[in-house]
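Asks: what follows is a predicted structure for the sequence shown.
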Amino acid sequence: MANIKSKIKRIGTNEKSRVRNLAVKSELKSKVRSVRKAVTAKDKNKALDAYRKASQKLDIAVSKRVIHKNQAANRKSKLVKKLKTILESAELNKPVEKAPKKAAPKKATTKKSTSTKKAPAKKAIAKKTTPAAKSTVAKSSTSKPANSKTPAAGKAASKKAVTKKAAAKKTNSK
């Protein structure tokens with residue numbers, strides 16, 4: 001058994017989530033089973049209804065992180081394959097009627113949507129820095145002895161600092 005308080009708490013939360021995950025997984029299995037039973041019974045309406053409920057439960061399980069999203073997608077695709085066998089056999093050459101899609105109205109550009117215009121401007125600024133410009137920046141930074149890591153430059157910088165302190169003491173004492 002763990003001696004650390006945070007580990008003890010973690011063990012407790014893991015146990016709670018394990019129990020919850022078992023319940024959710026069991027429910028998923030029963031929903032998927034109901035779809036399979038409806039498919040074998042060749043009851044189209046019941047199968048479609050069961051599929052809708054099963055896919056909804058799979059999505060909920062993904063949002064609660066009980067199963068991975070790819071596993072849910074794989075399970076849904078297997079169920080859809082089984083559903084297609086019923087739909088094709090019931091309606092041999094009859095195309096499935098779908099509701100006509102309404103054309104979405106185009107959104108007018110407003111001043112609030114300028115965030116998309118700012119992103120390319122930032123990229124353009126980043127592109128303007130050329131290797132030549134970078135080398136000039138590098139040269140200017142090496143000319144400062146305080147930033148340099150050589151011992152001679154460090155001594156020179158410390159001497160300048162000492163002379164400034166001495167000059168400040170002289171002016172304060174007068």
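Replies: Perfect, I can see it now. Residues are numbered from 1 along each chain as shown.
Asks: what is the host helix or strand of residue 78 packed up against?
Replies: Following DSSP states H and E, one finds residue 78 within helix 69-90. Counting contacts by 3 or more C-beta pairs under 8 Å, 6 or more residues apart in numbering; DSSP states H and E, helix 69-90 is packed against helix 5-40, helix 44-63. The C-beta positions use only the backbone N, C-alpha and C, and glycine is treated the same way.
Asks: could I get the buried residue list for the longest one?
Replies: Going back to what we said before, that points to helix 5-40. The neighbour-count check on helix 5-40 (16 or more other C-beta atoms under 10 Å) flags 24, 28, 31, 32, 34, 35, 38, 39 as buried.
Asks: again, but for the last one
Replies: Along helix 44-63, these residues count as buried under the neighbour rule (16+ other C-beta under 10 Å): 44, 46, 47, 50, 51, 54, 55, 57, 58, 61, 62.
Asks: so which of those comes closest to residue 88?
Replies: residue 44 (10.8 Å; C-beta to C-beta).
Asks: confidence score at that closest one?
Replies: We note a pLDDT of 91 for residue 44 in this prediction.
Asks: shaky segments in the protein?
Replies: Filtered on pLDDT under 70, the chain yields the residue ranges 90-167, 169-174.
Asks: would you map out the domains in the protein?
Replies: 10-90, 144-174 (automatic domain parsing).
Asks: follow-up on the earlier one: what angle do the helix holding residue 78 and helix 5-40 make?
Replies: Computed by axes from the mean of the first three to the mean of the last three C-alpha atoms, to 10 degrees, the angle separating helix 69-90 from helix 5-40 equals 10 degrees.
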